[in-house]
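>>> Attaching a predicted model along with its sequence, questions to come.
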Amino acid sequence: MADPIKKITLASGKVRYRFVVDVGRNPETGDRQQVTRTFDSKAEAKNEYARILHERAAGTLVVPAKTTVEQLADMWLREATVDVEAATKRSYEDAMRYVRTRLGGKRVQELTTADVQDLVEWMLTSARRIGGKPGTGLSVRTVDLTLGRLRAALNMAVRDRLVVRNVAEYAKVPRQARKDDRARRRARKPWTEDEVKVFLAHCAGGRLYAVMLLSLIGLRPAEVCGLRWRDVDLEVGTLSVEWTRTLVAGVVIEKDTKSTAGERGLPLPAPVLAALKVFRRRQSAERLAAGEGYDASGRVVVDELGAAVKTDWLRRQAYKLMEEADVRRVRLYDARHACLSWMANNGVPDTVVSAWAGHADLGFTKRTYVHPDPQSLKAGSDRLADLLG
């Protein structure tokens with residue numbers, strides 16, 4: 001077998017030793033890759049040649065590459081977003097957008113744990129561009145999601161032998177940031193029972209009274225917008241949550257519910273059933289008035305011309321009504337929280353609350369959606385008074 005180490009004599013007369021060895025395929029292009037090394041002594045060349053062969057055989061060889069973090073993000077997204085829903089794909093792209101902005105130009109093989117921690121710090125303090133005051137920090141949840149996507153991309157880089165190890169593996173959100181985030185979430189309180197009553201008293205008689213009631217019985221905004229009249233039985237007094245309609249990157253996405261638990265049938269409370277019957281009659285009148293210009297979309301929540309609405313439309317209408325009612329402005333998701341908290345704090349079994357919410361995980365419902373309100377705490381005090389009296 002020919003000696004792979006070649007002796008080279010330079011123009012200056014100096015002797016050096018060089019070898020060329022195949023190291024596999026380029027993970028980006030699929031092209032054959034070779035490594036060339038040159039040393040002052042044959043012994044050094046032989047040692048390095050043996051090391052490369054050993055690591056190549058063991059699958060641990062990492063070849064110097066110019067791949068940047070941005071290029072890695074592109075590679076990972078192409079692989080990770082095959083056959084995923086549009087909302088999931090968008091969430092992956094959003095997470096990687098922060099990575100691109102902060103680390104995109106850096107070579108993957110030069111990336112360090114300190115760089116990843118710098119990304120975390122930047123996101124927590126000043127990365128926000130939309131959805132709030134620009135230049136402020138993002139939520140811990142957003143940082144966690146970004147870290148998770150970056151770890152996944154670097155795992156792919158390890159698999160493809162671009163890097164030896166995943167430098168994001170031990171990067172983490174500081175404990176104080178998590179503590180501050182929990183405090184902010186606790187400060188964001190859903191409506192109390194009194195606030196719900198004030199809001200509904202203002203909405204009563206208005207065109208969107210039934211729509212607001214649907215949000216207040218625990219349906220997600222996308223479920224409210226996706227509800228079809230064929231899913232509502234006005235005779236029996238039930239509705240089936242089977243379809244959602246939401247907005248992803250400016251595009252309307254219609255699909256079935258997010259899980260088997262999310263697909264559920266609910267008996268309608270009497271006030272909601274009555275309001276839906278009124279809304280149905282009102283829509284019939286609107287259809288007659290509009291004539292051929294009416295869009296018979298079949299949705300429960302529509303505009304005056306029958307067109308299906310989007311979640312951002314629903315949100316704007318709700319905020320307008322909150323302002324008119326002079327009640328504290330909350331997210332529609334917090335209205336959902338108010339419903340589920342009220343049920344849990346008024347004797348409805350946990351399993352029923354979780355099923356009503358469309359959750360498969362009872363613990364998630366209790367941790368995320370159930371809040372002790374002042375009235376419930378007062379009821380607890382009264383019960384203790386009975387016990388201790």
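Received it, and whenever you're ready, just let me know what you need. Numbers count the residues shown, from 1 in each chain.

>>> Low-confidence ranges, this structure, go.
Applying pLDDT under 70 to the chain flags residues 1, 25-30, 58-64, 131, 186-188, 247-251, 256-263, 344-389.

>>> go with 50
259, 261, 377, 380, 384, 387-389 (pLDDT under 50).

>>> tell me the contacts of the nearest residue in space to Y170 that is not next to it in sequence?
What sits nearest to Y170 in space, not counting adjacent residues and going by CB to CB, 6 or more residues apart in numbering, is T113, at 6.4 Å. To be clear about C-beta, it is placed using only N, CA and C from the backbone, and glycine gets the same treatment. T113 makes contact with 167-168, 170-171, according to CB atoms under 8 Å, 6 or more residues apart in numbering.

>>> Could I get the buried residue list for the helix or strand harbouring D22?
Using DSSP states H and E, D22 maps to strand 15-25. The neighbour-count check on strand 15-25 (16 or more other CB atoms under 10 Å) flags 17, 19, 21, 23 as buried.

>>> Same question for stretch 235-246.
Buried, per 16+ other CB under 10 Å, within stretch 235-246: 237, 239-246.

>>> Just name the closest of those residues to R299, please.
The closest of those to R299 turns out to be R245 (CB to CB; 7.7 Å).

>>> doesn't that closest one fall inside a helix?
No. Residue state for R245 (DSSP: H, G, I helix; E, B strand; the rest coil) corresponds to strand; a helix is not indicated.

>>> Can you give me the distance of it to V302?
R245 sits 11 Å away from V302, going by CB to CB, to the nearest Å.

>>> and for those two, which residues touch both?
A308.

>>> Tabulate the buried residues of strand 15-25 (a markdown table), appending distance to I253.
Converted to a markdown table, those look like this (distance: CB to CB, whole Å):
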| residue | distance to I253 |
| --- | --- |
| Y17 | 62 |
| F19 | 55 |
| V21 | 50 |
| V23 | 44 |
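
>>> what helices or strands is the strand holding D22 leaning on?
Judged by 3 or more CB pairs under 8 Å, 6 or more residues apart in numbering; DSSP states H and E, the packing partners of strand 15-25 are strand 6-9, strand 32-39, helix 42-58.

>>> quick one, what contacts the closest residue to W191 other than its chain neighbours?
The spatial neighbour of W191 that comes closest, neighbours along the chain excluded (CB to CB, 6+ apart), is A338 at 4.4 Å. Contacts for A338 (CB under 8 Å, 6+ apart) come out as 190-192, 195-196, 216, 330.

>>> Quick check: the farthest pair among the residues you listed?
Most distant of the contacts of A338, by CB to CB, are T192 and L216, 12.8 Å apart.

>>> pretty sure L216 contacts H337?
No. Applying CB atoms under 8 Å as the test, L216 and H337 come out as separate, 10.6 Å apart.

>>> State the number of residues packed around L154.
The local packing of L154 (other CB atoms under 10 Å) involves 23 other residues.

>>> does it belong to a helix or a strand, and which?
Counting by DSSP H and E, L154 is found in helix 140-159.

>>> Can you dump the C-alpha atoms of stretch 306-325 in CSV for me?
Presented in CSV, the C-alpha positions along stretch 306-325 are these (Å, rounded to 0.1, in the frame of the first residue of the first chain):
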residue,chain,number,x,y,z
GLY,A,306,-72.3,36.8,7.2
ALA,A,307,-68.6,36.6,6.6
ALA,A,308,-66.5,34.4,9.0
VAL,A,309,-64.3,36.4,11.3
LYS,A,310,-60.7,36.1,12.5
THR,A,311,-59.4,35.9,16.0
ASP,A,312,-57.9,39.5,15.8
TRP,A,313,-61.4,40.8,14.9
LEU,A,314,-62.9,39.0,17.9
ARG,A,315,-60.2,40.5,20.1
ARG,A,316,-60.8,44.0,18.9
GLN,A,317,-64.5,43.7,19.4
ALA,A,318,-64.0,42.4,22.9
TYR,A,319,-61.6,45.2,23.9
LYS,A,320,-64.1,47.8,22.5
LEU,A,321,-66.9,46.4,24.6
MET,A,322,-64.6,46.3,27.7
GLU,A,323,-63.8,49.9,27.3
GLU,A,324,-67.5,50.8,26.9
ALA,A,325,-68.4,48.8,30.0
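
>>> how about that stretch: buried residues?
Buried residues in stretch 306-325, defined by neighbour count with 16+ other CB under 10 Å: 306, 308-311, 314-315, 317-318, 321-322.

>>> which residue packs closest to R18, ignoring adjacent ones?
Counting by CB to CB, 6+ apart, T38 is the residue found nearest to R18 once chain neighbours are left out, at 4.4 Å.

>>> typo on my end, A157
Using CB to CB, 6+ apart and skipping residues adjacent in sequence, the residue nearest A157 is V163, 4.8 Å away.

>>> how much space between the one you found and G148?
Counting by CB to CB, the gap from V163 to G148 is 18 Å.

>>> So which of T192 and L216 has more stuff around it?
Neighbours per residue, other CB under 10 Å: of T192 and L216, the larger number sits with L216, 22 against 19.

>>> measure L208 to L162 for me?
54 Å.

>>> higher neighbour count, these two?
Neighbour totals were compared for L208 and L162, and L162 leads with 23 against 18 (other CB under 10 Å).
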